[in-house]
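> Sequence first, predicted coordinates after that:
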Amino acid sequence: MTREFEIKKEVEVEGTPEQVWDAIATGPGIDSWFMGPHTVDGRLGGRMTLDLGFFQEASTITAWEPGKRFAYESDKADDGTIHAMEYLIEARDGGSTVLRFVHSGILGDGWSDEYLDQTSYGWDMYLATLGQYVKHFSGRRGTYVFAQAPQEQPDDAWARLLAALGVPADPKVGDEVTLEPFGITGVVDFAYDLPG
């Protein structure tokens, strides 16, 4: 049995609507803050693709209003699953932009409530990354890198990874960190603990 879902988010981004549009509606822009690589045929009815190697998804663009509204819907999966994304852009005084985002669709039998909770938290992280990208790196292109941990791993694998990178075991927003292997210093700008 399938069921509908909807996740809504709103963020204020320190950038213009044009900068936000470039980040959400072009392949290189999306790849700079979200999973990638993407291709975008920028027009109503155009196609989008995401190809992570182990996972591919194709979508149709259902709204294309540059600088204002962008939406797309995935092709239906074998289990009836559909994912749709909608971005609404609104300029604010002082050069900032409000981005309203909705991830909706239909989930199949194998999708649990835990998926929706984790997806909601994931969108918080990705939209925070989008905000940082637009504020600090707008127009520059990032490279998406994917690394997968082995299925069998010790219980303390995450703590060991953080320690190897020089990140505190319980990082808090504002903590200064040095990524030891790379000699890169910075400040934690996003952190949260998943419930459960």
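The structure has been received and is ready for your questions.
> in the longest helix along the chain, what counts as buried?
If you go by DSSP state H, the chain has its longest helix at helix 113-137. Within helix 113-137, the residues that qualify as buried are 123, 127, 128, 129, 130, 131, 133, 134, counting by 16 or more other C-beta atoms under 10 Å. C-beta: built from backbone N, CA, C; applies to glycine.
> Let me know the pLDDT of the spatially closest residue to the fifth one that is not a sequence neighbour.
Nearest residue to residue 130, sequence neighbours excluded (C-beta to C-beta, 6 or more residues apart in numbering): residue 33, at 4.4 Å. Confidence at residue 33, expressed as pLDDT, is 94.
> Same check on residue 76?
For residue 76, pLDDT reads 93.
> same question, residue 195
pLDDT, residue 195: 54.
> repeat for residue 190
84.
> isn't it right up against residue 126?
No - using C-beta atoms under 8 Å, residue 190 is not in contact with residue 126, being 10.1 Å away.
> and the gap between the spatially most central residue of the chain and residue 86?
Per C-alpha atoms, centre = their mean, the C-alpha nearest to the average position across the chain is that of residue 126, at 3.4 Å. Between residue 126 and residue 86 the distance is 15 Å, computed by C-beta to C-beta, to the nearest Å.
> Which residue is the nearest non-sequential neighbour of residue 191?
residue 171 (5.0 Å).
> packing partners for the helix or strand of the chain with the lowest mean pLDDT?
In the chain, the helix or strand scored least confidently by mean pLDDT, DSSP states H and E is helix 157-165, which has a mean of 82. Helices and strands touching helix 157-165, by 3 or more C-beta pairs under 8 Å, 6 or more residues apart in numbering; DSSP states H and E: there are none.
> What strands line up against the next helix or strand after it, and which way round?
Following helix 157-165 in sequence order, the next helix or strand is strand 176-179 (DSSP states H and E). According to DSSP bridges, strand 176-179 has the following sheet partners: strand 184-187 (antiparallel).
> still on that earlier bit, hmm, which two among the buried residues of helix 113-137 are most spread apart?
The span of the buried residues of helix 113-137, defined through C-beta to C-beta, is set by 123 and 134 at 16.0 Å.
> doesn't residue 89 make contact with residue 68?
Yes - between residue 68 and residue 89 there is a contact under C-beta under 8 Å: 5.6 Å.
> Looking at the two, which one has more neighbours?
residue 89 (22 against 14; other C-beta atoms under 10 Å).
> so what's that one up against?
17, 20, 21, 67, 68, 69, 70, 97, 98, 99 (C-beta atoms under 8 Å, 6 or more residues apart in numbering).
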